[in-house]
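> structure for the following, please:
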Amino acid sequence: MRLHEAVAELVHDGDTVALEGFTHLIPVAAGHEIIRQRRKDLTLVRMTPDIVYDQMIGAGCARKLVFSWGGNPGVGSLHRFRDAIQNSWPVPLEIEEHSHAGMANRYAAGAAGLPFAVLRGYTGTDLPGQTDNIKPIDCPFTGQRLTAVPAVNPDVGIIHAQRADRAGNVQMWGITGVQKETVLASSRSLVTVEEVVDELPPVPGGVVLPQWAVTAVAEVPRGAHPSYAQGYYERDNDYYQRWDPISREREAFEKWLQDEVHAVEGSAR
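Here you go, the predicted model:
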């Protein structure tokens, strides 16, 4: 599908949406298309929300963020995120904070069809006191005190990958984070890819998502920019630096939003 068609069909107001990618293969173009289509009241889920979620929050798409770390990597804070938390601009934002291990285990449980995950990682921290769905649990075999977290099952999981074949089988390699688990845990999924090819050649360490696990594929060259796609292009570090002054002031952000997102035709993708 074309990107604007896929977003129009799969992403609805009020959905829980996960755009995943751990420093690599971040589905930025898909996030911009969600902004362009003015989706709102979304619960955004992501282990490491960086600038694409800062942009979506600033555009008023989100009512809640479920995450384990947030920032402009290598630069500093997410200023649109901070403005939403501190000043409810453009709309109030609820947050639910976890650890990386907690979020990864929640995705894994969702992908496996399990209701929750069990881990040690929250013991001794104050996160259980801040987040309602982190609960202590006793091991039925040893009596050991552990922690349970509910599975995460987004309405829509969105990832970026290097390529897909014409049947819709998706191939990715490099740092793949929880992209596979995101797709398998979600009710609907969209994968943007650098290219669609006739055949997927084997890649050492590569991950292939079979076509039956994927709802839609959209060919979006450079769809992960300014993050990187191994084998295609490098991370645009200057973009991350430039984002900091743009995002600090509402007026500068709104100009960027109009010039770089809304003025770009979604049909071009």
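> so what does Y240 look like in phi/psi?
The phi and psi values for Y240, taken as degrees, to the nearest 10, are phi -60, psi -40.
> near it, how many other residues are there?
Using other C-beta atoms under 10 Å, Y240 has 18 neighbouring residues. (Each C-beta comes from the backbone N, C-alpha and C, glycine too.)
> over to P210?
10.
> same question, C139
C139 has 10 neighbouring residues, counting by other C-beta under 10 Å.
> that one touches T147, doesn't it?
No: using C-beta atoms under 8 Å, C139 is not in contact with T147, being 11.1 Å away.
> anything in contact with each of those two?
Contact criterion C-beta atoms under 8 Å, 6 or more residues apart in numbering; residues shared by C139 and T147: V118.
> relative to M47, how far out is G113?
Using C-beta to C-beta, to the nearest Å, G113 is found at 20 Å from M47.
> more crowded one of these two?
Legend: neighbour count by other C-beta under 10 Å for G113 and M47, higher for M47 (24 against 10).
> roughly how far apart are that one and I26?
Separation of M47 from I26 (C-beta to C-beta) stands at 11 Å.
> again with Q55
Taking C-beta to C-beta, one finds Q55 at 12 Å from I26.
> so for those two, which residue has more residues nearby?
A direct count of neighbours by other C-beta under 10 Å for Q55 and I26 places I26 higher, at 29 against 26.
> residues contacting that one?
Applying C-beta under 8 Å, 6+ apart to I26 gives the contacts L19, D50, V52, H160, A224, S227.
> neighbours of the third one, just the number please.
What it means is V52. V52 has 24 nearby residues by other C-beta under 10 Å.
> let the chain start at 443 from now.
Done: numbering now begins at 443, and the last item shifts to V494.
> now for the residue nearest to it when sequence neighbours are not counted, how many residues are close by?
In this structure, V494 finds its nearest non-sequential neighbour in G473, 4.2 Å apart by C-beta to C-beta, 6 or more residues apart in numbering. By the criterion of other C-beta under 10 Å, G473 has 24 neighbours.
> for G473, give me the pLDDT.
Looking at G473, its pLDDT reads 98.
> the stretch 593-711 of the chain: helices as residue ranges?
Taking DSSP state H, counting those that start in this stretch as the criterion, the stretch 593-711 of the chain carries its helices at 621-627, 679-690, 692-699.
> mean neighbour count, these: which tops it?
Between the helices of the stretch 593-711 of the chain, helix 621-627 has the highest mean count of neighbours, a mean of 24, where neighbours are mean count of other C-beta atoms under 10 Å.
> contacts for that one, please.
So helix 621-627 is contacted by 460, 462-463, 467, 546, 549-553, 593-596, 599-601, 603, 614, 631, 633, 649, 651, 655-656 (C-beta under 8 Å, 6+ apart).
> and stretch 544-554, by the same measure?
462, 489, 508-510, 540, 557-561, 563-564, 569, 576, 589, 591-596, 620, 622-624, 626-628.
> what's the weakest-modelled helix or strand in this structure?
When each helix and strand of the chain is scored by mean pLDDT, DSSP states H and E, helix 569-572 comes last, with a mean of 91.
> for that one, list every residue counted as buried.
Taking 16 or more other C-beta atoms under 10 Å as the basis for neighbour counts, the residues of helix 569-572 that come out buried are L569, P570.
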